[in-house]
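**Student:** Sequence and predicted structure below; questions after.
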Amino acid sequence: MAEYSALRVLTQGITGNRGWRPAWRKAEPKPRYDAIIVGGGGHGLATAFYLAKNHKLTNIAVVERGWIGQGNVGRNQTIVRSNYLLPENHRFYEWSLKLWEGLSQELNYNVMFSQRGVLNLAHSPEQLDRFAERGNALRLAGIDAELVSREGVSRLCPGLDISPGARFPVIGGLLQKRGGTARHDAVAWGYARAADRLGVDIIENTPVTGFIKEAGKVVGVETPHGQIKAAKVGVSVAGMTSDVMRLAGVDNLPIESHLLQAFVTEPVKPLIHTVVAYGCGNMYVTQSDKGGLVFGGGLDLYNSYAQRGNLPAVHEMTEQLLALFPNVSRLKLLRSWGGIMDMSMDGSPIIDKGPLPGLYLDCGWCYGGFKATPAAGWCFAHTIANDEPHPLNAAYRLDRFKDGRTIDEAGVGPTPRLH
Amino acid sequence: MLIPCPVCGLRDVGEFTYWGDAGVKRPSHREKEAGPWVPYVYERKNLRGKHEEIWQHEHGCRQFLIATRNTETHEVLDAKLAGPFGGDE
Amino acid sequence: MAGFRTDTFGTRIDRDKPLRFTFDGKPVEAFSGDTIASALLASGRSIVARSFKYHRPRGVFAVGSEEPNALVTAGTGGETEPNVQATTRLVSDGLVVSGQNAYPSVDRDLGAINQILAPFFGAGFYYKTFMGPMKRSWMWYEPSIRAAAGMGRASLSPDPARYERANAFADLLVVGGGPAGLAAALTAGRVGARVLIADEGHVLGGAIDLDDARINGTAALDWAKEAADELDAMPNVRVLRQTAVWGYYDANVLAAFEDCSAGGLTRARHWRLQARQVVLATGSYERPIVFAGNDRPGVMLVSAALAYARRFGVMVGRQAVLFCNNDQAWLNAAALVEEGLQIAAIVDPREDLPAELTQPLEQAGARLLTGHVVLAAQGKKQVEKAVIMAADGSGETVTIECDALLVSGGTNPVINLASQAGGAPTWNADVAAFVPGTQREAWVPAGAMIGAARLGEVLKQGAVAGQASCEFLGLRCPLPSFKVDSRGGNLRASVEDGGLKPLFEVKAPAGRRFGKFDKAFVDLQHDVTAEDIRLAAREGFESPEHVKRYTTLGMANDQGKTSNVTGLAILAEAREVPMSEAGTTRFRPPFVPVPLGTLAGRARGAQMRPVRRSPLHATHAAAGAPMAASGLWMEPRAYPRPGEAAEKAALREAAHVREAVGIADISPTGKIDVAGPDAAAFLDRVYTNLFSNLTTGQTRYGVMLREDGLIFADGTALRLSKDHFLLITQAAKAERVVTHLEYLLAIAWPDLRVTVTSVTEQYAGIAVSGPKSRTLVSRIVDGRDMDNRAFPYRDVHRAAVSGLPVVVARLSSSGEDGYEIYIGADHGVFLWKRLLETGKDLGVLPYGIEATDILRIEKGYPGAAEFDGRQSLEDFGMEKILSKKKNCVGRPLALREALTSQDRLQLVGLQALEGAAVQAGAHLVKGESAEKPGESEGHITSATYSPAMKSHIALAFLRGGRERHEEVLYAADPLRGTHNRVRVVDPQFYDPDGSRSNG
């Protein structure tokens, strides 16, 4: 399949765009693969790509219940950052950020990774100290971070209320300049096209209805189109992890499914130039390239599989947005959506072998799934190919909860909705 | 979403705080071994559909309720008082 | 110059009230009741906006909230509102309206150069380019793409307007005030049901005025007015005009916003509407037919043209061509002729239409081109001619001059709300439209939204829906009858009866060339063409979700109200599947764009969250204390003397406490009353240490664990009597501790007879600290021996001050002799003043939260900064506090190896060497130089200059820290540019044996 390039866009434009071919094949399942990835979201497609690219395993299938990219990769706030406090997290997410920086070239698909910066606002000296603790942890680990003064915040974000009259006046912030946003759908499509070009079969509209087991080992999946056998089966189905794993006989996981709404306003000319996070709540706002303000970040706070939320969270998120940007209250909300998060018991993810022989699990991403996509695919592929974790996901074990080696970034304990 | 509080009547979800799966049983207070506590603290069935769960009417009567709710449709089928005032009605 | 104002009276305008507003600085004459769109059309303006991508000139296309083109900016300064739909916003005198997304103006927009590049700007082209030459190249391309995108420009000044949130409750909510909604509301209202009826328009009746009908002998428009009057007069009915219902949430909770800009303090109001039953009577939108050049100003929906004529007395053109595929459009054409529009030709792909449809047009001199379709619109800045060909693509084209090209491709039921509260919409082939799918909530649909076309049918469905709702509510309800005489009484409206021939797009037949035509647009605002949709399908983007995301179809401000279904039809054809298989995207809130201000209501600015103030707040303010926010609380930082900085004052206050005596307001501290026969047993279960062996009159410090064995909260329990404790806990954690205790009593141990009550706000609390505190306290406490033996450290007693009951505990967070006195909140100020007056000779001074913090750091007491939710008891060296005699919450998991290992981060003290300050947030490293700091081995949580130790000190967490005292490390703070030598020491810097507080 031909490369995407400016030249090709030009030549195709002149000839009526007749020469474009499907970005990925509509593959029919083969009876047997080296590995199957259940779930054609960002993580599943990235995993397939890195299995083929890094581990030269090309007899791979991605089995997707609907259309690829219809889960959380297509319903998130598109934010990419690596500014986590805990080493297990910032090392992993920094690798992800590094992969993001070269992803468009790697995939030959413009994922529009825009390093416009991620700014977390502080509203008290104590909070600024906590940000310093985080930022210094990052700097000592070789990751970019800087503190920004109140005036610096104002320069980065014209229109932002830095007045002392605010209910929680802004006093400064923590900035990661290399953070930013990416075009979320393009990530799924780009990985799909790149994996397909390496020979991966992407099988859409094929729900997994069961797992084939031989002598306790998982050796394939059942689908309405018949059995598909594989030496290894990876599951990467954020939002449906418990459902799918139940089909394999795994009834309990350290996960609750929670609902996260996000919101987009009508498009306006460039207004907010970085990703901004409110420090007295849980709201991130960014402006998309199309011009809409994308905001959200607070859960609906009850278990849900509904992909649609309720009004209290709508009010909460808008209040937080307007607390920062009192100039946008005349803008209009245009769209909202709900995604189902795998909220784990410590707020950190799981990439691990098991819990059954032949089975591999990638889940528990809470809010971090989108930005993790490249590294999660990289590490999950490594785990599947080598039957042992990559050093970057060694801490993301499933049995860490039993041991008490939790990775609790928020420090709120085993209450998933609070992470 | 509305929840029928047995004390206060039908109230908006915003008045309530969610506490999680009511199906996870807390081990006896006398249980000192870690083993039985691990599933209680960390493991969830995370059911799709009918789900028994604990809510507190925090911004109301402060009572705890056991609600039966469909996690796919958000339909609340039932809500009973938990705690010393719960039990048979 | 196309449109003009007729002499006939429009039903919505008041010709006695002329107004004037400006568009791009030029004055526009209007009448009260005009929308921006009707006034601009009347003024002869054809270009009102520019499109998103190609900056093509665009005119008014529709008459209501489905308008894709006519977006303008209204207002100036902080009141600037971009992306206002000109078709729904009423004009007011002096309103400043501007065109947007255009430079220098919508009439002459330089951005139109993009059209030349259009061949390269196909669907998703940006995914295929802008990737090189370097890794970060996108950062180079992106700014110009961003600048080109967006529509209007938002203000940088705060919006001065006021918004509100309100609630309304009803037995029945009727959404939509058209004929079906009116019939439903009347039916239910007349039998006494509590009814809410909401409509986005300012006048009820919906599109009833476009129907030439009489209802029960009254002209339709008058009937609607009478119906509205009757509803307004019913005490059990509330009519919400200019209220757009935009969200259907769980359990029949709906969200709406009311445009209140016509008057009053509030600009717009959010409504949370809760109803037992809902009637959805949301009507339908006329849909267009796609053909080349169909975005030229002057191309407009047929029903919109009729509405402008009837409501506003505005004729949209001098000479029109009408292109339709359905009978209703012919009736509207006849009505337009009656209003005075000259129709040059009417084009319809169907043959053999009934004479009653064709005669009025024929009599008016219109060419009847049945069996024909419009292939293209042509014209420079606005439509100038229509190119027409035979429907089967044969023969030569016919070109007819016109300045208005009116289109009707049938109607799309407005099913958004029904879809939000139900299953996927289903394709009804007989009306060639999506209709609501399964229901999830208690709603009944009625009228055009389920495909009803004739007015009689619509009214009847409304009445039946009202009746059915009443019966559900337990009200007996007669069904009103409506006798309708209508021009459309025998209207054919289905595919089966021939009233409609589905047609979504006209393409030049394969192999025939008619010359060069323009693009054919599906989504007018986002410039998504029919060819874009076919390109997406060719590239494998086959599902409606993929097409939407790849082409941006339906994602503009109008949310695809006039384009989604057409786009899906083009997709289905490209994929060669029937519409029923092509599927549709999911509808989500909001149905119409919602001003963000309404969603926040009054929770803005300083009122965004409530403020919690101590009962002593005014006293502190009067003393000139600067306040600091701590969670929701406001607390005095310090009490500076004139000209003194707060930081300096805090140091002075801390030193003063160690020398003499100070008083501090501790009212925000969490106070929890725990009472009942099992109270002691309960505390044994929730605290790691024993409380049942505490005797009445004693206090004890305790720690609560979470179920996972890590520390949850610390605090002190005061045993006031055998069955009664008062728990004192950190302010920030107080509410969580209360609910934690309530949870355990309700769920884990319902058999325990204990009540838990938050009494934080019932008491004022004052800490009296310092070597002279005993003297001071004994002066004011009535009849209680304060001697060290009679009232030893950690005792608590009920007592009185001037006869007022108090609880006095001998507790100290400063490390000095100290007391905490709790008194009824209303007497807090009295006690504070009493202490200051009585202790004048002792030198008593108030001290604030900063001095409090300095004092506790000097003592090495962990505070909020140290408890960050990741520590075990061992990390603080508090493992001994975990009683072996009993179990408690979290104990079984606290004993796991990972929580007790000695290589965890442990609390230590730090003494700064070289006298340089260290700050909380710095990390501990071994590297001597800031350039090569090495790995983090821990971090500083609290730091201060210590007046008592005469040096900078800090509390920190250090890996394996308890075994590392006396080690010298560096406090690395690359963010703030410092790298200072520190010595690891015991965290209890000051008076480690506690003789000052205990003696």
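**Tutor:** Happy to help now that I have it. Residues are numbered from 1 along each chain as shown, chains lettered A, B, ... in the order given.
**Student:** hey, let's count contacts and neighbours off CA atoms from now on
**Tutor:** Fine.
**Student:** Looking at residue C:133 now. What's its pLDDT?
**Tutor:** Residue C:133 carries a pLDDT score of 86 in this model.
**Student:** Assumed it was part of a helix.
**Tutor:** No: according to DSSP: H, G, I helix; E, B strand; the rest coil, residue C:133 belongs to no helix; its state is coil.
**Student:** State the distance from it to residue C:142.
**Tutor:** Using Cα to Cα, to the nearest Å, residue C:133 is found at 14 Å from residue C:142.
**Student:** which ones are touching the residue in the stretch 101-250 of chain A that chain C sits nearest to?
**Tutor:** Nearest to chain C in the stretch 101-250 of chain A, going by Cα to the nearest Cα, is residue A:133, at a distance of 3.7 Å. Residues in contact with residue A:133 (Cα atoms under 8 Å, 6 or more residues apart in numbering or on different chains) are A:85, C:920, C:921, C:922, C:923, C:939, C:940.
**Student:** what's the answer for residue C:568, then?
**Tutor:** With contact taken as Cα under 8 Å, 6+ apart, residue C:568 is in contact with C:544, C:579, C:582, C:583, C:584.
**Student:** before we move on, what about residue B:12?
**Tutor:** B:1, B:2, B:3.
**Student:** What values do phi and psi take at it?
**Tutor:** Torsion angles at residue B:12 (phi, psi; degrees, to the nearest 10) stand at phi -70, psi 150.
**Student:** bridging residues for it?
**Tutor:** The partner list for residue B:12 in beta bridges (DSSP bridges) reads residue B:2.
**Student:** Read off the pLDDT value for it.
**Tutor:** pLDDT, residue B:12: 96.
**Student:** excluding its backbone neighbours, what's nearest the closest residue to chain C within chain B?
**Tutor:** Using Cα to the nearest Cα, the closest approach of chain B to chain C is made by residue B:83 at 3.7 Å. Once flanking residues are discounted, residue B:83 sits nearest to residue C:746: 3.7 Å by Cα to Cα, 6 or more residues apart in numbering or on different chains.
**Student:** repeat for residue A:354
**Tutor:** Leaving aside its sequence neighbours, residue A:354 sits nearest to residue A:360 (Cα to Cα, 6+ apart; 5.0 Å).
**Student:** got it, and residue C:326?
**Tutor:** Excluding the flanking residues, the one nearest residue C:326 by Cα to Cα, 6+ apart is residue C:500, at 4.3 Å.
**Student:** Nearest to chain B within the stretch 51-200 of chain A, name that residue for me.
**Tutor:** Counting by Cα to the nearest Cα, the stretch 51-200 of chain A gets nearest chain B through residue A:71, at 15.6 Å.
**Student:** so how far is residue C:664 from the closest residue to that residue other than its chain neighbours?
**Tutor:** Nearest residue to residue A:71 in three dimensions, chain neighbours excluded: residue A:41, at 6.2 Å (Cα to Cα, 6+ apart). Using Cα to Cα, we find residue A:41 at a distance of 57 Å from residue C:664.
**Student:** Ok, residue C:340 next?
**Tutor:** To residue C:664, residue C:340 is 83 Å away according to Cα to Cα.
**Student:** same thing with residue C:791?
**Tutor:** Distance of residue C:791 to residue C:664, given as Cα to Cα: 21 Å.
**Student:** quick one on the thing from earlier: now for the residue nearest to residue A:71: which residues touch it?
**Tutor:** By Cα under 8 Å, 6+ apart, the neighbours of residue A:41 are A:64, A:68, A:69, A:70, A:71, A:72, A:73, A:188, A:236, A:237.
**Student:** next one: residue A:112
**Tutor:** A:104, A:181, A:182, A:183, C:127, C:138.
**Student:** element containing it, please.
**Tutor:** Assigned by DSSP states H and E, residue A:112 belongs to no helix or strand.
**Student:** okay, it: pLDDT?
**Tutor:** For residue A:112, the predicted pLDDT is 97.
**Student:** Quick check on it: phi, psi?
**Tutor:** phi 50, psi 50.
**Student:** ok, back up a step: so residue C:340 and residue C:664 - more neighbours on which side?
**Tutor:** Taking other Cα atoms under 10 Å in any protein chain shown, residue C:340 and residue C:664 do not tie; residue C:664 has more neighbours (21 against 15).
**Student:** For the more buried one, list the residues it contacts.
**Tutor:** Counted by Cα under 8 Å, 6+ apart, residue C:664 has contacts C:766, C:767, C:768, C:846, C:847, C:848, C:849, C:852.
**Student:** Just the ones of those in helices?
**Tutor:** Judged by DSSP state H, the contacts of residue C:664 include C:849, C:852 as members of helices.
**Student:** Most neighbours among the contacts of residue C:664, which one?
**Tutor:** Of the contacts of residue C:664, with other Cα under 10 Å as the count, residue C:768 tops at 32 neighbours.
**Student:** per-residue confidence for it?
**Tutor:** In this model, residue C:768 is scored at 98, pLDDT.
**Student:** Test my guess that it contacts residue C:660.
**Tutor:** No: counting by Cα atoms under 8 Å, residue C:768 does not reach residue C:660; the two are 10.5 Å apart.
**Student:** gap between the residue lying closest to residue C:103 once chain neighbours are set aside and chain B?
**Tutor:** Excluding its sequence neighbours, the residue lying closest to residue C:103 (Cα to Cα, 6+ apart) is residue C:109, at 4.9 Å. Using Cα to the nearest Cα, to the nearest Å, residue C:109 is found at 48 Å from chain B.
**Student:** ok, how many other residues are close to residue C:640?
**Tutor:** By the measure other Cα under 10 Å, the count of residues near residue C:640 is 21.
**Student:** Quick check: phi and psi on residue A:303?
**Tutor:** phi -60, psi 140.
**Student:** what helix or strand does the residue positioned nearest the centre of chain B sit in?
**Tutor:** In chain B, the residue lying closest to the centroid (Cα atoms, centre = their mean) is residue B:54, at 1.1 Å. Element membership for residue B:54 (DSSP H and E) is strand B:50-56.
**Student:** Dump that strand to CSV, keeping only the CA atoms.
**Tutor:** Output of strand B:50-56 as CSV, limited to C-alpha atoms (Å, rounded to 0.1, in the frame of the first residue of the first chain):
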residue,chain,number,x,y,z
LYS,B,50,-28.5,-5.9,37.9
HIS,B,51,-26.2,-4.8,40.6
GLU,B,52,-26.7,-4.6,44.4
GLU,B,53,-24.9,-1.7,45.7
ILE,B,54,-24.5,0.6,48.7
TRP,B,55,-25.4,4.2,48.6
GLN,B,56,-25.5,6.8,51.4
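**Student:** so where's chain B shaky on pLDDT?
**Tutor:** Residues of chain B that meet the criterion pLDDT under 70 lie in B:87-89.
**Student:** Dump the worst-scoring helix or strand of chain A on mean pLDDT to PDB, keeping only the CA atoms.
**Tutor:** Lowest mean confidence among the helices and strands of chain A (mean pLDDT, DSSP states H and E): helix A:6-14, at a mean of 91. Written as PDB, here are the backbone C-alpha positions of helix A:6-14 (Å, rounded to 0.1, in the frame of the first residue of the first chain):
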ATOM      1  CA  ALA A   6       2.000  15.600   0.800                       C
ATOM      2  CA  LEU A   7       3.000  14.700  -2.700                       C
ATOM      3  CA  ARG A   8       0.400  11.900  -2.900                       C
ATOM      4  CA  VAL A   9      -2.300  14.200  -1.500                       C
ATOM      5  CA  LEU A  10      -1.400  16.600  -4.300                       C
ATOM      6  CA  THR A  11      -1.400  14.000  -7.100                       C
ATOM      7  CA  GLN A  12      -4.500  12.400  -5.800                       C
ATOM      8  CA  GLY A  13      -6.200  15.800  -5.500                       C
ATOM      9  CA  ILE A  14      -5.500  16.500  -9.200                       C
END
